[in-house]
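# what would the 3D arrangement of this be:
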Amino acid sequence: MAGHSKWANIKRKKEATDAKRGKIFTKIGRELAVAVKEGGPDPDTNSKLRDVIAKAKASNMPNDNIMRSIKKAAGEGSGDNYESIIYEGYGPSGVAVIVEALTDNRNRTASEMRHYFDKFGGNLGTSGCVMFMFDRKGVFVIANDGSIDEDKLISDALEAGAEDVNIEDEYFEVLTSPSDFSAVNEALEKDGYKFEEAEVQYVPQTYTKLTDEKEVIQMNKLIDHLEDSDDVQAVWHNWEQD
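Numbers count the residues shown, from 1 in each chain. Got it, this is the predicted structure:
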């Protein structure tokens, strides 16, 4: 089911090789830099920066790396000007895919995205073609390791301003509106909760299951190649994995 696959994806990210983890930190560093340039280096007055810091911490990015990225962006920086672009398209059997990118060359990135979608059984669509199939939500994932009182977590989360709490076998998922993400993050951190994942995401309203093994392989390759792109920050999809 989708819940199980979500936890599998989180564990895969956590257990990434050092090289892949370094790439993840580089991408988050870019997000931090963009947030600083847009709203300044103080997370108390820059909500976007505050949200990216929460994501960085959940990804196990060391505090030294986080502060270094912020200080670099607050100074002269590298002079790079990154543009935020969202691509939408379809994987095999119409699986909906959203790609968030930060790029300094939109032509290069668009060409690369189109190449991957075409190569692995999908196609790049137009703006809005799949966005309506997702909800924008703040998502916090907490490991269900037996040490957490379910009733207390639900109470703490709702008191902090969360919209809902989903309980799965291996994790708890706390959902918020994007505007309440920072406040809920701060409140739950103060309550001592540690996040496996903490960011504003595109959450699918419905899921698509692939039954053809060839399409499963193609979909996995599409996701891997998209996530491996230097320009891509995040990939969201509605593929229901076993």
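# in three-state terms, how would residue 194 be classified?
State at residue 194, reduced to three classes by DSSP: H, G, I helix; E, B strand; the rest coil: coil.
# what about it, how many neighbours?
12 (other CB atoms under 10 Å). Yep, even glycine has a C-beta here, placed from its N, CA and C like the rest.
# what's the local residue count around residue 10?
The number of residues packed around residue 10, counting by other CB under 10 Å, is 17.
# in a strand, it, correct?
No - counting by three-state DSSP, one finds residue 10 to be helix, located in no strand.
# so it touches residue 141, yeah?
Yes - contact criterion CB atoms under 8 Å: residue 10 and residue 141 qualify, at 6.1 Å.
# which neighbours do the two share?
171, 196-197 (CB atoms under 8 Å, 6 or more residues apart in numbering).
# with distance to residue 107 as extra columns, can I get those in CSV?
Formatted as CSV, these follow (distance: CB to CB, whole Å):
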residue, distance to residue 107
171, 40
196, 36
197, 32
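# for the residues you listed, which one is nearest residue 44?
residue 197 (23.6 Å; CB to CB).
# and whichever helix in the chain runs longest, how far from the chain's centre?
Longest helix in the chain, counting residues (DSSP state H): helix 18-39. In terms of CA atoms, centre = their mean, to the nearest Å, the centre of helix 18-39 is found 12 Å from the chain centre.
# now for that helix, which elements pack on it?
helix 47-58, helix 63-74, strand 96-103, strand 232-237 (3 or more CB pairs under 8 Å, 6 or more residues apart in numbering; DSSP states H and E).
# repeat that for 7 Å
Using 3 or more CB pairs under 7 Å, 6 or more residues apart in numbering; DSSP states H and E as the contact criterion, the elements in contact with helix 18-39 are helix 47-58, helix 63-74, strand 96-103.
# for it, what is the average pLDDT?
For helix 18-39, the per-residue pLDDT values average out at 87.
# cool, stretch 221-232 as well?
94.
# buried set for it?
222-223, 225-227, 229, 231-232 (16 or more other CB atoms under 10 Å).
# in strands only, show me the residues you listed.
Using DSSP state E, the members of these that fall in strands are residue 232.
# tell me the one of the buried residues of stretch 221-232 nearest residue 212?
Comparing those against residue 212 with CB to CB places residue 222 closest, at 14.2 Å.
# from residue 89, how far out is that closest one?
9 Å (CB to CB, to the nearest Å).
# go on, residue 21?
Taking CB to CB, one finds residue 21 at 27 Å from residue 89.
# likewise for residue 123?
6 Å.
# shaky segments in the protein?
1-5, 7-8, 11-19, 76-80, 242 (pLDDT under 70).
# just to revisit the earlier point, between residue 222 and residue 89, which contacts overlap?
Counting by CB atoms under 7 Å, 6 or more residues apart in numbering, the contacts common to residue 222 and residue 89 are 117, 122.
# tell me how far stretch 113-131 lies from the chain's centre.
When distances are taken as CA atoms, centre = their mean, stretch 113-131 is centred 19 Å away from the chain's centroid.
# now it - C-alpha only, CSV.
In CSV, the C-alpha atoms belonging to stretch 113-131 read as follows (Å, rounded to 0.1, in the frame of the first residue of the first chain):
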residue,chain,number,x,y,z
MET,A,113,13.3,16.4,-18.0
ARG,A,114,11.8,15.7,-21.4
HIS,A,115,14.5,13.2,-22.2
TYR,A,116,13.9,11.2,-19.0
PHE,A,117,10.1,11.1,-19.3
ASP,A,118,10.4,10.0,-23.0
LYS,A,119,13.1,7.4,-22.3
PHE,A,120,11.3,5.7,-19.5
GLY,A,121,7.8,5.3,-20.8
GLY,A,122,6.2,8.6,-19.9
ASN,A,123,5.8,12.1,-21.3
LEU,A,124,6.4,15.6,-20.0
GLY,A,125,3.0,17.5,-19.8
THR,A,126,1.9,21.1,-19.6
SER,A,127,1.6,23.2,-16.4
GLY,A,128,-1.4,22.1,-14.4
CYS,A,129,-1.9,18.7,-16.1
VAL,A,130,-1.5,16.7,-12.9
MET,A,131,-1.2,19.3,-10.2
